[in-house]
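[1] Below is the sequence, then the predicted model.
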Amino acid sequence: HLANNYPNPIADSPRLAMVRRGAKRYSGCSKPKVAVTPDMLRHIRNSLDLSSPEGALMWAALLLGFFYLLRCSEYLHCAGRADGQKVLLIGDLLFALDGEDLPFERRWEANRCNVHLRYAKNDQM
């Protein structure tokens, strides 16, 4: 049909979709990604200069992702791509001292930081 420019008679077939899903399941999944372990975090921390802004930022990003079980695409600029709806921005951080919100310029005085994640792959709402 398609070679002769006729419409595809099974393009919207639910059976075809079921067969494709079954074939994918049968053929096996791709190799799963390895989860980060506390030992990996310790090794990374020992290699970072936490007194530099870049090192401190890297460590904060790693801890945020680790403890909140985030995929890198949910809060970081990944693999040369940045999605403005997902990437964590300065405005997504709220610093506070003893329950009182602080302006960004006084962030070093904070004893709490709230992070607003605007996107999560598992958030269906």
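    Nice, I can see it.
[2] Check which helix or strand residue 46 maps to.
    helix 38-47 (DSSP states H and E).
[3] From the contact counts, what lies against that helix?
    helix 53-67 (3 or more C-beta pairs under 8 Å, 6 or more residues apart in numbering; DSSP states H and E). C-beta here means a position set from N, CA and C on the backbone, and glycine is covered the same way.
[4] How far away from the center of its chain is the helix it packs on?
    The chain centroid and the centroid of helix 53-67 are separated by 13 Å under C-alpha atoms, centre = their mean, to the nearest Å.
[5] can you list contacts of the helix or strand just after that helix?
    Sequence-wise, the next helix or strand downstream of helix 53-67 (DSSP H and E) is strand 93-97. Contact partners of strand 93-97, identified using C-beta atoms under 8 Å, 6 or more residues apart in numbering, comprise 101-102, 104, 106-107, 109-116.
[6] where does strand 93-97 sit relative to the chain's centre, distance-wise?
    Mean-position distance between strand 93-97 and its chain equals 22 Å (C-alpha atoms, centre = their mean).
[7] again with stretch 63-76
    5 Å.
[8] Could you tell me the end-to-end distance of that stretch?
    Start-to-end span of stretch 63-76 (C-alpha to C-alpha, to the nearest Å) is 13 Å.
[9] can you tell me the average pLDDT over the helix holding residue 46?
    Averaged across helix 38-47, pLDDT comes to 95.
[10] Residues in contact with that helix: which ones?
    Surrounding helix 38-47, the residues in contact under the criterion C-beta under 8 Å, 6+ apart are 59, 62, 63, 66.
[11] mind putting the residues you listed in JSON lines, neighbour count, distance to residue 14 and pLDDT included?
    JSON lines is the format used below for the contacts of helix 38-47 (neighbours: other C-beta atoms under 10 Å; distance: C-beta to C-beta, whole Å; pLDDT from 0 to 100):
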{"residue": "59", "neighbour count": "16", "distance to residue 14": "49", "pLDDT": "92"}
{"residue": "62", "neighbour count": "16", "distance to residue 14": "43", "pLDDT": "91"}
{"residue": "63", "neighbour count": "12", "distance to residue 14": "45", "pLDDT": "92"}
{"residue": "66", "neighbour count": "15", "distance to residue 14": "41", "pLDDT": "92"}
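[12] Kind regards, and thank you for your time.
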